[in-house]
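Participant: Okay, here's the prediction I keep looking at, along with the sequence it came from:
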Amino acid sequence: MEFSAVLEPIEDLGTEAGVRLLVDDAFAGGRCRDCGDLSVPRAHICRRCRSVEVEAARIGGRGLLYSYTRVHVAPKCAAPYCLGYVDLVSGVRVLGRLEMSESSLACDIPVRAARTGAGEEEWAFVEAEDVRGDERNEGIA
Ligand SMILES: [Zn+2]
């Protein structure tokens, strides 16, 4: 098999340094100008159509807990703590720390992103009222 595509160097795909991922109650994400795909954090290259035309977009921080786990060994913070994948109302799936009672954790419970401190990475998902049918937080601006 022969590949004819030319792969050019791309920027680091990580979060931009000094940029807060969560501002107020919304994520600093991105939206592809070509196909509309949303990303959190803002993607440099669209994962759906590979366009580099990804503009900044606020993505609402409310959603449903898709799945979760307990972390017992952590490099920088006290363990154990819980991590979860959250399906935001906009459809974007985000991995984040869960700050709530472990006994209340269950798949499909409503959660919202909230700041837990002043640092760039100091945010977590916390319990929220039901988000199903809440289009206000689809969150694209
Ligand atoms: Zn796209």
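Facilitator: Good, I have the coordinates.

Participant: low pLDDT regions in this protein?
Facilitator: Applying pLDDT under 70 to the chain flags the ranges 1-19, 131-141.

Participant: Would you mind splitting it into its domains for me?
Facilitator: What automatic domain parsing lists as the domains of the chain is 22-59, 61-131.

Participant: Pick the most deeply packed of these.
Facilitator: Stretch with highest mean neighbour count among the domains of the chain: domain 22-59 (a mean of 17; mean count of other Cβ atoms under 10 Å). Bear in mind the C-beta positions are built from the backbone N, C-alpha and C, glycine included.

Participant: Distance from the chain centre to that domain, please.
Facilitator: 11 Å (Cα atoms, centre = their mean, to the nearest Å).

Participant: swap in stretch 57-65?
Facilitator: Offset of stretch 57-65 from its chain centre (Cα atoms, centre = their mean): 7 Å.

Participant: Contacts only, for the residue nearest the centre of the chain.
Facilitator: Centroid-nearest residue in the chain, with Cα atoms, centre = their mean: residue 94, separated by 3.2 Å. Shown in contact with residue 94 (Cβ atoms under 8 Å, 6 or more residues apart in numbering): 27, 40, 63, 85-86, 88, 113.

Participant: show me the contacts for the spatially closest residue to residue 127 that is not a sequence neighbour.
Facilitator: In space, and not counting its chain neighbours, residue 127 is closest to residue 100: 4.9 Å by Cβ to Cβ, 6 or more residues apart in numbering. Contact partners of residue 100, counting by Cβ under 8 Å, 6+ apart, are 82, 111, 125-127.

Participant: circling back: so how far is residue 29 from the residue nearest to the centre of the chain?
Facilitator: Relative to residue 29, residue 94 is positioned 9 Å away (Cβ to Cβ, to the nearest Å).
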